[in-house]
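Undergrad: next comes the sequence, and after it the predicted model I'd like to discuss.
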Amino acid sequence: MLHGRKAILWTIVASLGSLLAIFLSIAFFRSYERRPILLRGAVIKQDNDPVKQSPIMDVEISEATGLATSSTKSNFMGYFTIPLFRGVGRNDSVTLRFLHPDYVPMELTELASDKITIVHLVPIRKEAEEATVQPDHPVITVTNIRIRYSTEAATQENIGTGEKTFQIQNVGNVPCQNSAPCSPDGKWKAATNSESLDAGEGSVFRNARVSCIAGPCPFTRIDYDGYSEGGRYIKVSVRNWSDTTTFLFQAEVFRPQISDIVRMTFPIILGTSLNFTLPPAAEGPSVEAELNGENIIFPLGPIPVLSWAECNVSVAKDKAKFYRCELNSGYRFRQTE
């Protein structure tokens, strides 16, 4: 009888546990369904060649039926997010509008969900060029494009040598008798001496060395090495436990020099898009290009401006810069061999 009651009790407990798990699962999924939906996606240029589908920046994106909390613009990589109001279900239809002055407007209707939306916009200029057999003005060719910039380089110029001789005066074979300083084994009376060098303002010592040049050199040792790592000030202390010795303290003097090195890189051209990157230390960037055979230099300021292209720049966390320029109407790239 007791075993039967225990079995019934465990059955009830197990049933309650199952019901609780079901209840929690239902509550979780209902909570998940009620969470505000964030639509994510990217806007890129329409082209049959995938490498020419460059991201489109500053596309105005909004929800046409008022289901979104705000509108937005695509960033440098074409990325966008649109937050929907709480209560919009995952089976509700949303209509997104995409507007940019250089591209054909587009509306996209789909069900609200977490899936990634990729939008391809058609350039207006491309449609106009295809519809016009004879352009009103001759097309200007852009060739031989080069990106120039400079970086600072620090070099060390050897401007001389610093040197000094010094003595450690002592008499050998005198018992120490525990009167410091002594020889390393504590047997003989020793003497010490220190010497220092100053490279001067703006200069440093490199390749410093200390050598015994006179006297019983085997019975000496360097007590303090303040010269091996170099620097403006260097110092050495020497111990001698025999007769007087003479040392030479010597180092090369270097002065740091800062110079600008001009560097060059070449952009990647994909269709009507020109792309290039610059390292964090790049200074004074400019674009050199031939327009109808005439070589012209175009300086690039904080806001990149070219007469023949619309440019945008993105700065990474490490301060590296990524440039993307879209060719203006009336210009075309021509690759040179």
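TA: Right, received. Where do you want to start?

Undergrad: contacts, neighbours, all on C-alpha from now
TA: Noted.

Undergrad: so who does the residue lying closest to residue 155 once chain neighbours are set aside touch?
TA: Leaving out its chain neighbours, the residue that sits closest to residue 155 by Cα to Cα, 6 or more residues apart in numbering is residue 257, at 5.1 Å. By Cα atoms under 8 Å, 6 or more residues apart in numbering, the contact list for residue 257 reads 154-157.

Undergrad: pull the most distant pair out of those residues.
TA: Taking Cα to Cα, the two most distant members of those are 154 and 157; they sit 9.9 Å apart.

Undergrad: where do the contact lists of those two overlap?
TA: Shared contacts of residue 154 and residue 157, counting by Cα under 8 Å, 6+ apart, come down to 256-257.

Undergrad: quick check: end-to-end length of stretch 291-307?
TA: 11 Å (Cα to Cα, to the nearest Å).

Undergrad: from residue 222, how far out is the residue nearest to residue 155?
TA: 33 Å.

Undergrad: residue 304 too?
TA: From residue 304 to residue 222 the distance is 60 Å (Cα to Cα).

Undergrad: the more surrounded of the two?
TA: residue 304 (18 against 15; other Cα atoms under 10 Å).

Undergrad: okay, helices next: where are they in this structure?
TA: Taking DSSP state H to define them, one finds helices in the chain at 2-34, 124-131.

Undergrad: and residue 256, what pLDDT?
TA: For residue 256, the model assigns a pLDDT of 84.

Undergrad: what's the neighbour count on it?
TA: For residue 256, the number of neighbouring residues by other Cα under 10 Å comes to 13.

Undergrad: residues contacting it?
TA: 154-157, 202-203.

Undergrad: repeat that for 7 Å
TA: For residue 256, the contacting residues are 154-157, 203, by Cα atoms under 7 Å, 6 or more residues apart in numbering.

Undergrad: next one: residue 75
TA: Residues in contact with residue 75 (Cα under 7 Å, 6+ apart) are 57-58.

Undergrad: separation between it and residue 69?
TA: Taking Cα to Cα, one finds residue 75 at 19 Å from residue 69.

Undergrad: swap in residue 326?
TA: 32 Å.

Undergrad: what's residue 183 in contact with, if anything?
TA: 189-190, 241.

Undergrad: including neighbour count, pLDDT and distance to residue 179, could those residues go into CSV?
TA: Shown next, in CSV, are these (neighbours: other Cα atoms under 10 Å; pLDDT from 0 to 100; distance: Cα to Cα, whole Å):
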residue, neighbour count, pLDDT, distance to residue 179
189, 23, 94, 7
190, 28, 94, 9
241, 32, 93, 13
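
Undergrad: out of those residues, which is nearest to residue 249?
TA: Closest to residue 249, out of all of these and judged by Cα to Cα, is residue 241, at 19.4 Å.

Undergrad: and that closest one, what does it touch?
TA: Shown in contact with residue 241 (Cα under 7 Å, 6+ apart): 170, 172, 182-183, 188-191, 219-220.

Undergrad: in strands, which of those appear?
TA: 191, 220 (DSSP state E).

Undergrad: drop the exposed ones from the contacts of residue 241 and show what's left.
TA: For the contacts of residue 241, a burial check counting by 16 or more other Cα atoms under 10 Å picks out 170, 172, 182-183, 188-191, 219-220.

Undergrad: biggest strand in this structure, by residue count?
TA: strand 140-168.

Undergrad: quick one: list the elements packing against that strand.
TA: Counting contacts by 3 or more Cα pairs under 7 Å, 6 or more residues apart in numbering; DSSP states H and E, strand 140-168 packs against strand 191-198, strand 245-265, strand 283-291, strand 331-333.

Undergrad: the shortest one pairs with which strands?
TA: Pointing back at strand 331-333 there. strand 140-168 (parallel) (DSSP bridges).

Undergrad: what angle do the partner strand and strand 191-198 make?
TA: On the basis of axes from the mean of the first three to the mean of the last three Cα atoms, to 10 degrees, strand 140-168 is oriented at 150 degrees to strand 191-198.

Undergrad: so where is the stretch 101-250 of the chain shaky, pLDDT-wise?
TA: The model of the stretch 101-250 of the chain has pLDDT under 70 over residues 125-137.

Undergrad: before we move on, the earlier item: just give me the closest of the buried ones among the contacts of residue 241 to residue 118.
TA: Taking Cα to Cα as the measure, residue 220 is the one of these closest to residue 118, at 78.6 Å.
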